[in-house]
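3D, please:
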Amino acid sequence: MDIRPQTEFTNHALVITVSSDSGRPVLDAAAYARLARTLREAAEDDETRVVVLRGLAGCFCLGGDFGEFVDPSKHQALIGAVTDMFRTLATFPKPLIASVDGDAVGVGCTILFHCDLVIASRKSTFRVPFVDFGLVPDAATSILAPEKLGYAGAFRFFCLGEALDVDRACAMALVSSIAEDDPEAEALATARVLAKKPVRSLTQTKALLKGDAEALCRRIDREITLFHHALQDEKTLRRLKRVARMAA
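Numbers count the residues shown, from 1 in each chain. Presented below is the predicted three-dimensional model:
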């Protein structure tokens, strides 16, 4: 698995790699903080008109760092960084495109609900095993998933923990389009088209389509509170420790 640059800039599009700072396909507190900071800077930068999120080659993101989940001394920093990143995503004003190549698991999947377009390769899969771990959804997906997938689709996806292949994800509207060749190239081509649009009307249109961002932020806070409480439950911690050992 290659280690890509954390950011690249081309044709008014900022490409951000979704990974830990050490190049692992997971997000830890430092990675959440970096993503939030980078997105805020992109929102303020007039030269950046579109943002593309990508993962590592062959794997978009495998979710959060279980090592931080099972270490109570890291919970405060983790919860603060996660909340900041999700709120930044929910209020991000510019077009946001995801290029997915491979597995998108947990938070690696829920951040896709904040993207305006998701372009995925044929080998991509999508899974949110929060309930299996004794946790709850994050990133305001308790609002966004039923809106996008329908209630029954969202219930199956989150509560049964079913993995979606790219065809099912596209049929359910989680994925916008399937790239037969290179999803990142297609994402960048789409970003170039969007970057040529009048900036003000584009951002205003996105804001109108997205609706009440403050409602999403309130739900993010509620989800994170429940998530934090779950991390203090002994049964949940034992379950997470087993998963962490298996992933080591």
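
which ones are touching the residue minimising distance to the centre of the chain?
In the chain, the residue lying closest to the centroid (CA atoms, centre = their mean) is residue 111, at 1.9 Å. Applying CB atoms under 8 Å, 6 or more residues apart in numbering to residue 111 gives the contacts 18, 53, 61, 89, 98, 139. For the C-beta atoms, the positions are set from N, CA and C on the backbone; glycine is no exception.

between those, which is closest to residue 26?
residue 61 (6.9 Å; CB to CB).

what pLDDT does that closest one get?
Residue 61 carries a pLDDT value of 97.

so what's it bridging to?
residue 104 (DSSP bridges).

count of residues packed around it?
30 (other CB atoms under 10 Å).

repeat for residue 115
Around residue 115 there are 22 residues (other CB under 10 Å).

next one: it from residue 51, what distance?
9 Å (CB to CB, to the nearest Å).

overlap in contacts of the two?
96, 97.

where does pLDDT dip in the chain?
Flagging of the chain using pLDDT under 70 yields the residue ranges 1-3, 248.

could you point out the longest helix of it?
helix 213-231 (DSSP state H).

could you check the angle the helix or strand following it makes with helix 213-231?
Where DSSP states H and E defines the elements, the next helix or strand beyond helix 213-231 is helix 234-247. In terms of direction (axes from the mean of the first three to the mean of the last three CA atoms, to 10 degrees), helix 234-247 departs from helix 213-231 by 90 degrees.

pull the residues that contact helix 234-247.
Residues contacting helix 234-247 (CB under 8 Å, 6+ apart): 66, 67, 69, 70, 133, 134, 135, 230, 231.

just the strands in this protein please.
Along the chain, counting by DSSP state E, strands occupy 7-10, 13-17, 50-54, 59-61, 96-100, 103-105, 117-121, 125-127, 164-165, 177-179.
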